[in-house]
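S.K.: what shape does this take:
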Amino acid sequence: MAAGDAPRITPKIVIWEELFFDLTFVFALMQFTHLLHDYHGWWGVGRTLILFIPVYWAWGGVTLYANQRDLRSPFDRLGVLLLGLGSLLMALAVPHAYDDLGLLFVSIYLASRALLSVLALRGLPDWRHVFVGPYGVFLLTGPLLLAGAFLDGTPRIAFWAAAATIDLLSPWAARHLVAQRRTQPLHYTHRYGLLIILVLGESMIQIGMVAAEAPQTALRLVAVAAAYAVAAGLWWTYFSYGLPDFRRALERATDQADLRRAILIYGHLFFSFGVVAASVGLSDMVMEPVDALRFHQGMLLFGGCGLFLLTFAYTRWRIYHKISWTCLGAVVACLGLAPLATVIPAIAAVGALIVVIGLTATREELVKRRHSGEADLPTAATGPDEGWIDRGPAHAE
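M.R.: Just a heads-up that it's a prediction; the model follows:
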């Protein structure tokens, strides 16, 4: 190393313990899909989202913990494994959390959050970290969750909705109360990319399980292929034109915490929930491909895809400060297809959805190629190893 050169920081990569922890989160995603399938209406969507937020926040807390800590010690590695067990047990209670397993859901959730806080906050001198951010906020939401667990019906939903709202506001509150540390963009964005892989993979599992229980007719096989094409289109859009830009934006941002909060923490909450909702509608389409979808089925399918594309447009605006009219047009098209799907065969409506997503991805590809030579615009990934190899300093504090 030449005199005066800054030491090169080896970027943090995803470790095996994190991937093992993700396996339990996949099961939680499956449980949310089943819950949403049982309650198709707006009330069911709200009930599912109220439970999804704390589970998502717990996953995000583990991700931030792994980004900020060196997890090579047996203590930290064992901690991640125990958090995975908590995620598994909590997922078991999700389908009946509003019935007889509410207290079990809350108890395991709070125990997991307490363990994560002990692991992540040990040694920090600033006590304010205990009460805000992804770790100690459970001290505020815990009493609400416990109170709701001892109630039934609407009161339980109201208390848990208040707790979910506090969870949503905690990153904003942390910004004003404690100093925000920079994360290592390579690891952090890769973790959120893996989250999208998890929700898309869970949707394929759900569709495959539904199709396996029905006769394997030619039309049903076409329906499965159509559902796969929708998921692949969302994958292509996100990983080709979204995730690489997220990492480069975080590397260059002067206010990294604000951008990280917008495009990763909040953005991926809606990315992932959109896929979960769409997978329920796709499963219904696979079961009865020639029948029209019911209104709520159509809204889950096309509304979920629309939410995914709207979130994509939002992240583009946060990074480039420009409106993505292509994505907004795709959102409008998705919402327009929802009522149409109630009067035409479901597989035909999904075919139109594939066209919408395909045109969106084509437009993004054209924009990427047009700006590929401009130094001030991030470019897409150059290969499948983009998230794993060293392409520069990690810029972490």
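
S.K.: list the helices and strands the one helix or strand residue 169 maps to packs on?
M.R.: Using DSSP states H and E, residue 169 falls within helix 153-177. Helices and strands touching helix 153-177, by 3 or more C-beta pairs under 8 Å, 6 or more residues apart in numbering; DSSP states H and E, are helix 42-68, helix 133-136, helix 138-149. For every residue, glycine as well, the C-beta is placed using N, CA and C.

S.K.: can you pull out the helices in the stretch 151-300 of the chain?
M.R.: For the stretch 151-300 of the chain, the helices defined by DSSP state H, counting those that start in this stretch occupy 153-177, 185-212, 218-241, 243-252, 256-260, 267-287, 295-320.

S.K.: hey, which of those is tucked in deepest?
M.R.: Stretch with highest mean neighbour count among the helices of the stretch 151-300 of the chain: helix 267-287 (a mean of 25; mean count of other C-beta atoms under 10 Å).

S.K.: still on that earlier bit, out of the helices of the stretch 151-300 of the chain, which gets nearest to residue 365?
M.R.: Ranking the helices of the stretch 151-300 of the chain by their distance to residue 365 (criterion: C-beta to C-beta) puts helix 218-241 first, at 7.4 Å.

S.K.: show me what that closest one is packed up against.
M.R.: Counting by 3+ C-beta pairs under 8 Å, 6+ apart, helix 218-241 packs on helix 185-212, helix 267-287, helix 295-320, helix 346-370.

S.K.: okay, these in JSON lines with mean pLDDT and distance to residue 171 next?
M.R.: Converted to JSON lines, the helices and strands packed on helix 218-241 look like this (pLDDT from 0 to 100; distance: least, C-beta to C-beta, whole Å):
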{"stretch": "helix 185-212", "mean pLDDT": "91", "distance to residue 171": "14"}
{"stretch": "helix 267-287", "mean pLDDT": "94", "distance to residue 171": "11"}
{"stretch": "helix 295-320", "mean pLDDT": "94", "distance to residue 171": "14"}
{"stretch": "helix 346-370", "mean pLDDT": "91", "distance to residue 171": "28"}
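
S.K.: the ones you listed: which one's closest to residue 329?
M.R.: Per C-beta to C-beta, nearest to residue 329 of the helices and strands packed on helix 218-241: helix 346-370, 8.2 Å.

S.K.: mind giving me the packing neighbours of the closest one?
M.R.: Contacts defined by 3+ C-beta pairs under 8 Å, 6+ apart place helix 346-370 against helix 218-241, helix 267-287, helix 295-320, helix 325-340.

S.K.: of all those, which lies closest to residue 56?
M.R.: Using C-beta to C-beta, these put helix 267-287 closest to residue 56, at 5.6 Å.

S.K.: what is the orientation angle of the closest one with helix 42-68?
M.R.: 130 degrees (axes from the mean of the first three to the mean of the last three C-alpha atoms, to 10 degrees).

S.K.: work out the gap between the helix holding residue 169 and the centre of the chain.
M.R.: Distance of helix 153-177 from its chain centroid, counting by C-alpha atoms, centre = their mean, to the nearest Å, is 18 Å.

S.K.: what's the domain layout of the chain?
M.R.: Here the domain assignment for the chain is 12-181, 185-390, based on automatic domain parsing.

S.K.: avg pLDDT for the first one?
M.R.: It stands for domain 12-181. Regarding domain 12-181, the rounded mean pLDDT is 84.

S.K.: start at 31 instead
M.R.: With 31 as the first residue, the last one maps to domain 42-211.

S.K.: residue 191 and residue 77 touch, don't they?
M.R.: No. The pair residue 191 and residue 77 fails to qualify as a contact (C-beta atoms under 8 Å) at a distance of 9.2 Å.

S.K.: quick one: the residue nearest to residue 167 when sequence neighbours are not counted from residue 398, how far?
M.R.: Closest residue to residue 167 apart from its sequence neighbours, by C-beta to C-beta, 6 or more residues apart in numbering: residue 200 at 4.3 Å. According to C-beta to C-beta, to the nearest Å, residue 200 and residue 398 sit 35 Å apart.

S.K.: hang on, the earlier thing: rebuild the helices and strands packed on helix 248-271 as CSV, extending it with distance to residue 86.
M.R.: Output for the helices and strands packed on helix 248-271, formatted as CSV (distance: least, C-beta to C-beta, whole Å):
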stretch, distance to residue 86
helix 215-242, 9
helix 297-317, 6
helix 325-350, 14
helix 376-400, 24
